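*Asks:* Requesting a structural model of the entry that follows:
(one chain, ligands or ions: 2)
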Amino acid sequence: MRLDPDIAIPQRAHDGDAGVDLCATADVTIEPGERTLVGTGIAIALPIGTVGLIHPRSGLAAKSGLSVVNTPGTIDAGYRGEIKVCLINHDLRTPIVVRRGDRIAQLVVQKVELVDFVEVESLDDTTRGAGGYGSSGGHASLQGKGA
Ligand SMILES: O=c1ccn([C@H]2C[C@H](O)[C@@H](COP(=O)(O)OP(=O)(O)OP(=O)(O)O)O2)c(=O)[nH]1
Ligand SMILES: [Mg+2]
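*Replies:* Ligands and ions are numbered 1, 2, ... in the order given. Down below sits the predicted model:
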């Protein structure tokens, strides 16, 4: 549903693209390191068993440092409000100017398992076990940090 009639309906740039682009409904300037919540003027009803994920656009990320704070944002199947995007300017020096109508992020819809969790006394053994957070080694560029 378009909550803002002048905003473009989310579209894929090319057949087969995973994401449909979402546009900003307002002009905003994001200072270096700052974040701002921007409306897209779009509300959707996803089928149960799917989720909408809000991803940054790689071109904007590479060119200007624009990203999404909570990437990927989660749009629940039952959500009927306006999709909003929490943008962040990762550039250290230059503000980012977003204009109403600019394509700021992309929505990817995926299937999800709606698992019911059951409490148990113990878990089965695996080769990984409880090792995580770098336990397998191979970190890039951690000079002097004891990696
Ligand atoms: O980038 C996003 C992320 C979320 N939402 C909306 C849709 C989603 O279904 C709802 C809740 O999102 P989430 O569960 O991530 O946020 P929360 O902080 O846990 O809020 P809640 O308590 O409402 O679940 O907010 C957006 O519009 N954009
Ligand atoms: Mg939540």
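
*Asks:* contacting residues around the helix or strand containing residue 105?
*Replies:* In the assignment (DSSP states H and E), residue 105 maps to strand 103-111. Contact partners of strand 103-111, identified using C-beta atoms under 8 Å, 6 or more residues apart in numbering, comprise 10, 18-24, 38, 40, 46, 49-57, 60, 66, 68, 72, 75, 83, 85, 87, 98. Glycine gets a C-beta too; all of them are placed from N, C-alpha and C.

*Asks:* Can you confirm whether it lies near ligand 1?
*Replies:* No - Strand 103-111 stays clear of ligand 1 (C-beta under 6 Å from any ligand atom), getting no nearer than 8.2 Å.

*Asks:* Flag every buried residue along that strand.
*Replies:* 103-107, 109 (16 or more other C-beta atoms under 10 Å).

*Asks:* how distant is it from the center of its chain?
*Replies:* Relative to its chain's centre, strand 103-111 lies at 7 Å (C-alpha atoms, centre = their mean, to the nearest Å).

*Asks:* Skipping its backbone neighbours, what lies nearest residue 88 in space?
*Replies:* Spatial nearest neighbour of residue 88, excluding adjacent residues (C-beta to C-beta, 6 or more residues apart in numbering): residue 35 at 4.3 Å.

*Asks:* Around ligand 1, which positions in the chain sit nearby?
*Replies:* For the chain, the residues in contact with ligand 1 (C-beta under 6 Å from any ligand atom) are 54, 70, 73-76, 79, 83-86.

*Asks:* Out of the residues you listed, give me the one that has the most neighbours.
*Replies:* Using other C-beta atoms under 10 Å as the neighbour test, the residues of the chain next to ligand 1 are led by residue 85, with 25 neighbours.

*Asks:* tell me the SS of that residue?
*Replies:* Classification of residue 85 using DSSP: H, G, I helix; E, B strand; the rest coil returns strand.

*Asks:* ok, it touching residue 42?
*Replies:* No - with contact defined as C-beta atoms under 8 Å, residue 85 does not reach residue 42; the gap is 10.4 Å.

*Asks:* Now for these two: what residues contact both?
*Replies:* Joint contacts of residue 85 and residue 42 (C-beta under 8 Å, 6+ apart) are residue 22.
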